[in-house]
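In: how would this look folded up:
(2 chains)
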Protein chains: 2
Amino acid sequence: MTAHAVQARAPAAEALIEELRGLLGDRLSTSAAVREHHGKDESYHPVVPPDAVAFVQSTEEVAAVVAACARHDTPVIPFGTGTSLEGGVAALHGGVCIDLSGMNAVLRVSPEDLDVTVQAGVTRKQLNEHLRDTGLFFPIDPGADASLGGMASTRASGTNAVRYGTMRENVLGLTVVMADGRIVKTGGRARKSAAGYDLTRLFVGAEGTLGVITEVTLRLYGIPEAISAAVCPFPTIKDAVDTVITTIQSGIPVARIELLDEVQMRAVVAHSKLDYAVAPTLFFEFHGTEAGVTEQAEMVSAIAAEFGGTDFQWAAKAEDRSRLWQARHEAYYAALALRPGSKGWATDVCVPISRLAECIVETKADIAASSLTAPLVGHVGDGNFHLVYLVDPANPAELEEAAELNERMVMRALAMGGTCTGEHGVGYGKMHFLPAEHGEAVSVMRMVKQALDPKNIMNPGKVIRV
Amino acid sequence: MTAHAVQARAPAAEALIEELRGLLGDRLSTSAAVREHHGKDESYHPVVPPDAVAFVQSTEEVAAVVAACARHDTPVIPFGTGTSLEGGVAALHGGVCIDLSGMNAVLRVSPEDLDVTVQAGVTRKQLNEHLRDTGLFFPIDPGADASLGGMASTRASGTNAVRYGTMRENVLGLTVVMADGRIVKTGGRARKSAAGYDLTRLFVGAEGTLGVITEVTLRLYGIPEAISAAVCPFPTIKDAVDTVITTIQSGIPVARIELLDEVQMRAVVAHSKLDYAVAPTLFFEFHGTEAGVTEQAEMVSAIAAEFGGTDFQWAAKAEDRSRLWQARHEAYYAALALRPGSKGWATDVCVPISRLAECIVETKADIAASSLTAPLVGHVGDGNFHLVYLVDPANPAELEEAAELNERMVMRALAMGGTCTGEHGVGYGKMHFLPAEHGEAVSVMRMVKQALDPKNIMNPGKVIRV
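Out: Presented below is the predicted three-dimensional model:
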């Protein structure tokens, strides 16, 4: 059942479609609406539908679909929830979309080892719902209720990463279908291992270009004994960012430390009917023991006060925290509502923390001098922030202006030792930045890609140009 | 200067030696004593000297040496401090050893970003000495004063990993010389990135088989406001391990939690003239604020008491902590002293924490039924423990018995979801376990190896059979 065994090549896709239909029955769809839905993500990138969508139910089915596609030299595009932001699901060269949302079983929970194995289509909210009675949770929260396979593929992170790390740190092992249909298991359940190449982290962040992730083993964490959250406005964005920098440099283990600029705060206040000041604002969350949370909160309050942040609103009860975080969680949709009908072009640079204030201030000056509205939110504890350019995708001049602003910001971040994407991934929207960021290392990535996917059928046209 | 450009092959090494001598002058050595020293690690594996040793001083020199070796199809073996335990530096197919110990400059410290870039030959103690006035430290402590390039190559960890992670989590970026002499830089200084394949973690743990690491960018941490350490004996080894399991499952952020069994305690008490009970013993260290350390210590004391561990000796002052940890740090040499003239065969399995007590108890029963003495130490917070079989390397029957015991233990650990090596690496001593641990994934590792090192000159005969 591998590509090695069968060298015949079918020029047309019809034979492949028939073969897949034989395999999946009515779980293979070629309807326009289904294909359209699967060629679309949450970004400004245009819809590029696949030729067919395979609704798979097992790793073995994925292997059979990939092996068939390999025999027909046909691209394979994995699909979880379609929440990518850089065109990751666009079928740029046609091909078969593998929709993994039906693979949504939690296969094993081991509370005593603080780990879990899930099928790739399980979403993070589904997992946390499943874990509700165990006292455990999975902390990575990219905002969208993405699938865990998709989050692994994108090396996602989000608001809790400053404390708990990203998918890079939290994936213990994977089941992956390779480009020839072979099934491999990477990593394992030991907390550490020096046994061979770290294939787990090679597939994490590969965005489906090296294989299709079908199962994910993840670290879990005990729900903290105490959680406390707070929101605090600052006189200027620099004051807010300097508060973050000092907090991180002091080693205070904040669980979340999020920045919304005054443009974004105006959006969320209007959209979510919230009673916050329209000013650069930090959202904090502290996890720990009762005493530990109190101590962290006191230390951060003292730092914030040095930078003019004194108007803390605290929330310790779960429902109050939810209300507090609502503003942050609805930021993207609130931003879009600033300009009805617009699409969001979300940027994603990440810089060393010492350069964060400088990077944000210079970037906001660029925006102010432009014609665009672009609210700013940031996982600032990691040095990561997002602008959302509110664009009319039908207006080439606007897209051009956004592209130029983005390029200036990315080059600024790279010059500061940063990265063009902290967590959204490369897709095809950021491929042209990789040489500037990684130089000759891109050619090593290409060698890996060509070795593991010699026919270039795995999500082709993304991440690495071959 | 790449292998691509020159296809000529010299059958003999003499031309290569001359070329390298032209490059390095008297920093190229072929003396028997130097070669002998570089073919030897700290383990029971026999000495296998290289043909020559190149004492390099820069990444560019490494690139020139590798390119020359590539042209002559000659193996390259990187060497840091020679403290590997699985034969990593043995020149199994001859070739040129690249000694990086002269590349010992700390290139950049950024206290405000909590990161540092060092040449690969800098040792962990040298780095921490260098950092002394910054209030920062690098926590990974594998025991030996290894080079940071070697630690990255081996994916090393040690006593602090339960809190701070391993080299996997703490390397932000690398400079690597590829098999054709190209120099690439991987990763970066941003705390997270989703920009392309994670080459950093591909080279971390590759043991020099994919390239030679010449520079390492590392995370640093603030020296904790408060540190407290304690030692406590337990009635049985199961009691000690159950204390560890409960501590980890409770999410208490211990910085170190180390187990020494009664055999190892007898050794250290004798060797280091210490006044400890000869019983299974846990060594703890807590890092945090004054209040946090107190709280952690109280929680762990309460857990230990449930398992009969009540005789805590505490050390808060730095010199008392040093004395306390002396027993742990001298464990290996104390073990060897139990049988003068013996060599240590250090095992290294790591299992999910819920299986740790079972794995240790069964393994110790095997030892008891054998003819060997084998003290046990463990980084038990990670589920990782080591036996040191005290063997006479000239006695094949003993080596055979040790190999059989090791195999039984590895297979036991694998059956429990564990790994054959938590931190020592594969070298050539554990290559035969990789298929049992990783199955088909080994063939993917091999595809990566063949893609990046098509001539198989990078530390050949280690990690992956080609």
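
In: mind checking the SS state of A:Arg21?
Out: At A:Arg21 the chain is in helix, as set by DSSP: H, G, I helix; E, B strand; the rest coil.

In: nearest residue to A:Ala334 in space, please, no chain neighbours.
Out: With sequence-adjacent residues excluded and distances taken as C-beta to C-beta, 6 or more residues apart in numbering or on different chains, A:Ala334 is closest to A:His271, at 3.5 Å. Placement of C-beta: from N, CA and C, glycine included.

In: oh sorry, the question was meant for A:Leu376
Out: A:Asp261 (4.0 Å).

In: right, and that neighbour touches A:Lys238 too?
Out: No. When contacts are counted by C-beta atoms under 8 Å, A:Asp261 is not listed as touching A:Lys238 (11.2 Å).

In: show me where chain A dips below the pLDDT cut-off.
Out: Low-confidence segments of chain A (pLDDT under 70): A:1-12.

In: remind me, longest helix of it?
Out: Ordering each helix of chain A by length in residues (DSSP state H) puts helix A:396-415 first.

In: which single residue of the stretch 351-466 of chain A ends up nearest chain B?
Out: A:Ala451 (3.4 Å; C-beta to the nearest C-beta).

In: do you know how far that residue is from B:Asp453?
Out: Computed as C-beta to C-beta, to the nearest Å, the A:Ala451 to B:Asp453 distance reads 11 Å.

In: what kind of secondary structure is the residue of the stretch 351-466 of chain A closest to chain B in?
Out: A:Ala451 ends up helix, using three-state DSSP.

In: what's around it, how many residues?
Out: When neighbours are defined as other C-beta atoms under 10 Å in any protein chain shown, A:Ala451 has 18 of them.

In: check the one 4 residues further on too.
Out: A count of neighbours around A:Lys455, defined by other C-beta under 10 Å, yields 17.

In: please, which helix or strand holds it?
Out: Under the criterion DSSP states H and E, no helix or strand holds A:Lys455.

In: so where does the residue lying closest to it once chain neighbours are set aside fall, helix or strand?
Out: With C-beta to C-beta, 6+ apart as the criterion, A:Lys455 has its nearest non-adjacent residue at 5.8 Å, and that residue is A:Asp73. If you go by DSSP H and E, A:Asp73 is not part of any helix or strand.

In: same question, A:Leu336
Out: Assigned by DSSP H and E, A:Leu336 falls in helix A:331-337.

In: what does A:Val53 give?
Out: Counting by DSSP H and E, A:Val53 is part of strand A:52-55.

In: that strand packs against which elements?
Out: helix A:14-24, strand A:28-29, helix A:32-38, strand A:96-99 (3 or more C-beta pairs under 8 Å, 6 or more residues apart in numbering or on different chains; DSSP states H and E).

In: at 10 Å what do you get?
Out: helix A:14-24, strand A:28-29, helix A:32-38, helix A:59-71, strand A:76-79, strand A:96-99 (3 or more C-beta pairs under 10 Å, 6 or more residues apart in numbering or on different chains; DSSP states H and E).

In: tabulate the ones you listed (CSV), appending distance to A:Ala194.
Out: Output for the helices and strands packed on strand A:52-55, formatted as CSV (distance: least, C-beta to C-beta, whole Å):
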stretch, distance to A:Ala194
helix A:14-24, 40
strand A:28-29, 43
helix A:32-38, 40
helix A:59-71, 27
strand A:76-79, 30
strand A:96-99, 33
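
In: between the ones you listed, which one is closest to A:Val351.
Out: Among the helices and strands packed on strand A:52-55, the nearest to A:Val351 by C-beta to C-beta is strand A:76-79 (30.3 Å).

In: now the common contact residues for A:Asp261 and A:Lys238.
Out: Shared contacts of A:Asp261 and A:Lys238 (C-beta atoms under 10 Å, 6 or more residues apart in numbering or on different chains): A:Pro280, A:Ile360, A:Lys364.

In: how about a markdown table for those, with neighbour count and secondary structure added?
Out: A markdown table is the format used below for the shared contacts of A:Asp261 and A:Lys238 (neighbours: other C-beta atoms under 10 Å in any protein chain shown; DSSP: H, G, I helix; E, B strand; the rest coil):
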| residue | neighbour count | secondary structure |
| --- | --- | --- |
| A:Pro280 | 26 | coil |
| A:Ile360 | 25 | helix |
| A:Lys364 | 19 | helix |
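
In: A:Ala179 and chain B, how far apart?
Out: 10 Å (C-beta to the nearest C-beta, to the nearest Å).

In: tilt between the helix or strand where A:Glu215 lies and helix A:59-71?
Out: Using DSSP H and E, A:Glu215 sits within strand A:212-219. Relative orientation of strand A:212-219 and helix A:59-71, computed by axes from the mean of the first three to the mean of the last three C-alpha atoms, to 10 degrees: 140 degrees.

In: other SSEs contacting the helix or strand following strand A:212-219?
Out: Downstream of strand A:212-219, the next assigned helix or strand under DSSP H and E is strand A:221-222. Where contact means 3+ C-beta pairs under 10 Å, 6+ apart, strand A:221-222 is packed against strand A:136-137.

In: who does the strand it packs on pair up with?
Out: strand A:221-222 (antiparallel) (DSSP bridges).

In: count the residues that sit near A:Glu330.
Out: A:Glu330: 17 neighbours (other C-beta under 10 Å).

In: swap in the one 4 residues further on?
Out: Using other C-beta under 10 Å, A:Ala334 is surrounded by 26 other residues.

In: from A:Val241, how far out is it?
Out: For A:Ala334 relative to A:Val241 (C-beta to C-beta), the value is 21 Å.

In: ok, and the closest non-adjacent residue to A:Val244?
Out: Counting by C-beta to C-beta, 6+ apart, the residue nearest A:Val244 is A:Val380, at 4.5 Å.

In: burial count for the spatially closest residue to A:Lys40 that is not a sequence neighbour?
Out: The spatial neighbour of A:Lys40 that comes closest, neighbours along the chain excluded (C-beta to C-beta, 6+ apart), is A:Val47 at 4.5 Å. The local packing of A:Val47 (other C-beta under 10 Å) involves 15 other residues.

In: A:Val47 touches A:Ala33, doesn't it?
Out: No. Counting by C-beta atoms under 10 Å, A:Val47 stays clear of A:Ala33, with 11.6 Å between them.

In: just the strands in the stretch 101-250 of chain A please.
Out: Using DSSP state E, counting those that start in this stretch, the strands of the stretch 101-250 of chain A run over residues A:106-110, A:115-119, A:136-137, A:171-177, A:183-187, A:212-219, A:221-222, A:226-233.

In: can you redo these as a markdown table with mean neighbour count and distance to B:Asp113?
Out: Converted to a markdown table, the strands of the stretch 101-250 of chain A look like this (neighbours: other C-beta atoms under 10 Å in any protein chain shown; distance: least, C-beta to C-beta, whole Å):
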| stretch | mean neighbour count | distance to B:Asp113 |
| --- | --- | --- |
| strand A:106-110 | 16 | 36 |
| strand A:115-119 | 24 | 31 |
| strand A:136-137 | 20 | 29 |
| strand A:171-177 | 26 | 25 |
| strand A:183-187 | 22 | 29 |
| strand A:212-219 | 25 | 26 |
| strand A:221-222 | 16 | 26 |
| strand A:226-233 | 21 | 24 |
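
In: compile the ones you listed into TSV and extend it with columns for distance to B:Ser301.
Out: Formatted as TSV, those follow (distance: least, C-beta to C-beta, whole Å):
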stretch	distance to B:Ser301
strand A:106-110	27
strand A:115-119	27
strand A:136-137	25
strand A:171-177	31
strand A:183-187	35
strand A:212-219	27
strand A:221-222	19
strand A:226-233	21
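
In: look up how far B:Ala68 lies from A:Tyr276.
Out: With distances taken as C-beta to C-beta, A:Tyr276 is found 65 Å from B:Ala68.

In: which of these two has more neighbours?
Out: Neighbours per residue, other C-beta under 10 Å: of A:Tyr276 and B:Ala68, the larger number sits with B:Ala68, 25 against 18.
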